[in-house]
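>>> Sequence and computational prediction follow.
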Amino acid sequence: MFEFVRYTAPAGWAAQEVQEGRGYVRPDGTGVIVLHASRPDGAPPLDAFKDLWRLQVQPAVGATAPEPEVGQEGEVTIAVGARQVGTETAPITASLVTFTRAGRTVGVVTVARSADALAELGAFFNSLGATSSGPDTLEPPRAPPETRGADAADPGDARVPIEPGTVVDGRPAGLFYRVEVDVTGSRGVETSTWLFLSNGRVSRFHPMGGSGLFEPSRCNPDTCGTFEARGSELVVRWDNGTVHMWTLAVTADGVRLDGREFRRARSIRAQTLVGEWSDGRAGFGGGNLYTFGADGRFTFGTASSGLDGTWRLDGLTLTLTFADGDVRGRTIFGASSGVPEGLISVDGTVFARR
């Protein structure tokens, strides 16, 4: 998940499995580290840093991206930036380090709310760097020729459309989600997803970026595989060779996997999106706000600072064109039962209508 990045977590910090990554939390809660699994990013490293800050740091601390320092370690470009917010007596230091190589970016976010946490993060940063050996996971094993045919294409090589969730003859198809509380300290609400593709592939990696197509390059061996629905059982063969079996039940809103509810992701109409939406994060004294105008314009940011531009909605894809000309896609869907939607998911973060 964290190709070309090496690090040593601070002693005593509790490991946390977070959506699409790994987290570490200081016992007293004053320090947080989140490593975001690599994602494809064709943008230059500086733009990749600013986009990740906008997505992963700004919602937590309400500060816009700093101008990072950029360096090189072999084939890896490293960008580092930090902001201090809060008050003089209760400062909060947030930082982001991005590692970009061959069109993929890994992001490392840290937040310190005490001098002790900041000191321990200093040791963590000293251990942080780029590896020289490439990915830390093996390529997924290929099926033998006799089961595929020597010239058959790997089903994971195709870019398959991402469709809203549905159930056909007891078999899930498309995108399903579950609303969860972020455990890394910001107390935000997010969605975890399962994506069942028409070619028999399955992914539990959130389809961020709003391309409308599943990107095989986003897969890691433990997040993508093939699936079979056998009546009341779902069998998944992950690309790392592991096989998992879950009980499967169809519900009014979607499916239940081993007792955990996953709802069908639904596309929303443009007129439904018009208005104000807040992510409700309170862990650091404020959250982010989207405002979508009927005239096709939007603003995004905190109460004290923000960005603006134009927006366009097409199915599960929200396209944002920022005032500086930067164009970004977001995967968006309704994240509540009932119509009109009271909650939406934007690239995994849940926003509530205000």
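Looks like it arrived, so ask away. Residues are numbered from 1 along each chain as shown.
>>> Figure out how far stretch 241-248 is from the centre of its chain.
Taking C-alpha atoms, centre = their mean, to the nearest Å, one finds stretch 241-248 lying 23 Å from the centre of the chain it belongs to.
>>> the domain parsing of the chain - what is it?
Following automatic domain parsing, one gets these domains for the chain: 5-130, 158-263, 270-353.
>>> immediately after the worst-scoring helix or strand of the chain on mean pLDDT, which helix or strand?
In the chain, no helix or strand scores lower on mean pLDDT, DSSP states H and E than helix 145-148, which sits at a mean of 33. Using DSSP states H and E, the helix or strand that follows helix 145-148 in sequence is strand 166-168.
>>> Name the residues of that following strand that are buried.
Neighbour counts over strand 166-168 (16 or more other C-beta atoms under 10 Å) mark 166-167 as buried. Every C-beta, even on glycine, is put in place using the N, C-alpha and C of the backbone.
>>> Give the partner strands of the host helix or strand of V80 in its sheet and their orientations.
Assigned by DSSP H and E, V80 belongs to strand 76-86. With DSSP bridges as the test, strand 76-86 is paired with strand 69-73 (antiparallel), strand 91-101 (antiparallel).
>>> Buried residues, the last one. List them.
The neighbour-count check on strand 91-101 (16+ other C-beta under 10 Å) flags 92-101 as buried.
>>> cool, stretch 326-336 as well?
Per 16+ other C-beta under 10 Å, stretch 326-336 contains these buried residues: 328-336.
>>> can you tell me which helix in the protein is longest?
helix 115-127 (DSSP state H).
>>> Quick one: name whatever helix or strand follows that one.
Following helix 115-127 toward the C-terminus (DSSP H and E): strand 129-130.
>>> How many residues are close by R354?
R354: 11 surrounding residues under other C-beta atoms under 10 Å.
>>> List the residues that contact it.
Counting by C-beta atoms under 8 Å, 6 or more residues apart in numbering, R354 touches 275-278, 289.
>>> Let me know the distance separating it from G275.
Distance of R354 to G275, computed by C-beta to C-beta, to the nearest Å: 7 Å.
>>> just G293 next, same as before
9 Å.
>>> Which residues are in contact with A265?
164-165, 174-177, 193, 316, 333-335, 345.
>>> now T349
59, 188-191, 279, 288.
>>> Now the domains of the chain in JSON lines, please, with extra columns for mean pLDDT.
Output for the domains of the chain, formatted as JSON lines (pLDDT from 0 to 100):
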{"stretch": "domain 5-130", "mean pLDDT": "84"}
{"stretch": "domain 158-263", "mean pLDDT": "86"}
{"stretch": "domain 270-353", "mean pLDDT": "84"}
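>>> how about the nearest residue to P68, chain neighbours excluded?
Setting aside the residues directly before and after it, P68 is nearest to G81 in space (C-beta to C-beta, 6 or more residues apart in numbering), at 3.6 Å.
>>> err, L320, not the other one
Going by C-beta to C-beta, 6+ apart, L320 has R328 as its nearest residue, at 5.1 Å.
>>> any idea whether the one you found is helix, strand or coil?
Following DSSP: H, G, I helix; E, B strand; the rest coil, R328 is assigned to strand.
>>> and the gap between it and G31?
30 Å.
>>> Which stretches in the chain count as helices?
Going by DSSP H, the chain shows helices at 45-52, 58-61, 115-127, 145-148, 270-273.
>>> Quickly list what L320 is bridged to.
With DSSP bridges as the rule, L320 is bridged to W311, R328.
>>> neighbours around S198, how many?
So S198, with other C-beta under 10 Å, has 13 neighbours.
>>> Check the spacing between the closest residue to it other than its chain neighbours and S267 real quick.
Distances taken as C-beta to C-beta, 6+ apart place V160 nearest to S198, at 6.0 Å, with adjacent residues excluded. Applying C-beta to C-beta, the value for V160 to S267 is 17 Å.
>>> Equivalent analysis for A229, please.
Applying C-beta to C-beta to A229 and S267 gives a distance of 23 Å.
>>> out of the two, which sits in the busier spot?
A229 (19 against 16).
>>> That one contacts A173, doesn't it?
No. Counting by C-beta atoms under 8 Å, A229 stays clear of A173, with 9.6 Å between them.
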